[in-house]
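>>> would you be able to build a 3D model of this:
(one chain, ligands or ions: 1)
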Amino acid sequence: MQSFYNFTINGLKSYLTENGFKPYNADQLYKWVYEQKETDYHKMTNISKNLREFLEKNLTIEDLEIDSVYESSDGTVKYLFKLEDGSLIETVLMTYDYGKSVCVTSQVGCNMGCSFCASGLLKKSRDLQVHELVRQITTIEHHQKIKVTHSVVMGTGEPFDNYQNVIDFIKVINYKHGLQIGARHITVSTCGIVPKILEYAKEDIKSNLAISLHAPNNYIRNKIMKINMAYPIQEVIQACKDYFEVTGRRITFEYILLDGVNDKLEHADELSDLIRGINAYVNLIPYNPVLEFHYRKTDPAKASKFYLQLTKRGINATLRKEQGSDIDAACGQLRYKKEDI
Ligand code: SF4
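Residues are numbered from 1 along each chain as shown. Just a heads-up that it's a prediction; the model follows:
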């Protein structure tokens, strides 16, 4: 049996047509499942009996299995899901003034090997399928009885290393009868896979791009992010300029502040020179220390100075509030502990 959640609207139309049904049935089904949250085909009263019986035999509408849930004192909720093959993945729900945002995982493990990241401690065993991406959100919506308004593909894995499934996931959650999450409320974060940045720019979807930059130069980036050996920082920056040229959309640069590594004022100067002229803003992120690594968190006063130095030099920046540190919110930490390696 396949999952209903695996289909984009066009994919579902083709599937139904191939099996002797009408394309318009796809929109009817989307409305039942995503808008009405109905999981019993027999209650879908405007669908023919014939089609209901076919769906019953061929497509499941099941939530992911929740292995455990951890709630932080600041309202962040972290889910550990168990997939059908037994793999564990993490998904985080964050609450902001402007809505509810889910940080989605795109792969089981990650091969990118960023030296500060707990997700990379467990190598990639496989890509997540479209339904496994979508069901991270639907399961949380059902479990919390909420409407998710934003999504970031920023959990474990490199989204552009699972490109087509991530693109189809965006189509499902953005569709007017799907989860109806506005394209401007969806962000994909890459560590800098240059050819895919350009491909993403040309997609017929208007979701956002974030780059995990984390360093102002090749010397530091080579040390902390292996991907920089394949795509050096200047190539990433050039790809961002090309992306803007095609889409006209602002880019976010994610920058984790690591004490003594990338958080000096001279690094802020270098960073502002590097990205000057790009329509972007820098999201400075306090590091969530991971036991297995030697990195430490930049102290708040130093982080503020770094932030002020950027803004003084005309760069739009935010200093992100720390979230969920009491529940091991650093991506991959829970799963790593649970796998007991
Ligand atoms: S930061 Fe992202 S790309 Fe790098 S190892 Fe972690 S999950 Fe993978």
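>>> which pLDDT value goes with the spatially most central residue of the chain?
In the chain, the centroid-proximal residue (CA atoms, centre = their mean) is residue 153; its distance is 0.8 Å. Residue 153 carries a pLDDT value of 97.
>>> and it, what is it in contact with?
Contact analysis of residue 153 by CB atoms under 8 Å, 6 or more residues apart in numbering lists 103-104, 106, 133, 159, 166, 169, 186-189. Using the backbone N, CA and C atoms, a C-beta is placed for each residue, glycine as well.
>>> residues of the longest strand belonging to the chain that come out buried?
Longest strand in the chain by number of residues (criterion: DSSP state E): strand 88-96. Neighbour counts over strand 88-96 (16 or more other CB atoms under 10 Å) mark 88-94 as buried.
>>> and the helix or strand following it, what's its mean pLDDT?
Per DSSP states H and E, the first helix or strand lying C-terminal to strand 88-96 is strand 99-104. Model confidence over strand 99-104, given as mean pLDDT, is 97.
>>> stretch 240-250 too?
96.
>>> figure out how far it is from the centre of its chain.
Computed by CA atoms, centre = their mean, to the nearest Å, the separation of stretch 240-250 from the middle of its chain amounts to 20 Å.
>>> can you dump the C-alpha coordinates of that stretch into PDB?
What follows is stretch 240-250, C-alpha atoms only, in PDB (Å, rounded to 0.1, in the frame of the first residue of the first chain):
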ATOM      1  CA  CYS A 240      23.000  33.500  -4.400                       C
ATOM      2  CA  LYS A 241      23.500  36.500  -6.700                       C
ATOM      3  CA  ASP A 242      22.200  34.400  -9.600                       C
ATOM      4  CA  TYR A 243      19.300  33.100  -7.500                       C
ATOM      5  CA  PHE A 244      18.300  36.700  -6.700                       C
ATOM      6  CA  GLU A 245      18.700  37.600 -10.400                       C
ATOM      7  CA  VAL A 246      16.100  34.900 -11.300                       C
ATOM      8  CA  THR A 247      13.700  35.100  -8.400                       C
ATOM      9  CA  GLY A 248      14.000  38.600  -6.900                       C
ATOM     10  CA  ARG A 249      13.600  37.000  -3.500                       C
ATOM     11  CA  ARG A 250      15.600  37.900  -0.400                       C
END
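>>> in the stretch 151-300 of the chain, which residue sits nearest the ligand?
Relative to the ligand, the nearest point of the stretch 151-300 of the chain is residue 191 (4.1 Å; CB to the nearest ligand atom).
>>> and the angle for the host helix or strand of residue 171 with strand 99-104?
Using DSSP H and E, residue 171 falls within helix 163-174. Angle of helix 163-174 versus strand 99-104, following axes from the mean of the first three to the mean of the last three CA atoms, to 10 degrees, is 160 degrees.
>>> can we start the residue count at 53 from this point?
Understood, numbering begins at 53; the last thing we discussed is helix 215-226.
>>> OK, contacts around residue 77?
68, 99, 103.
>>> from those, which land in helices?
If you go by DSSP state H, those have 68, 103 in helices.
>>> nearest to residue 56 among the contacts of residue 77?
Closest approach between the contacts of residue 77 and residue 56, by CB to CB: residue 68, at 11.5 Å.
>>> number of residues surrounding that closest one?
Using other CB atoms under 10 Å, the number of residues around residue 68 comes to 20.
>>> need the phi and psi values for the residue nearest to it when sequence neighbours are not counted.
In space, and not counting its chain neighbours, residue 68 is closest to residue 77: 5.2 Å by CB to CB, 6 or more residues apart in numbering. Taking degrees, to the nearest 10, you get phi -60, psi -30 for the backbone angles of residue 77.
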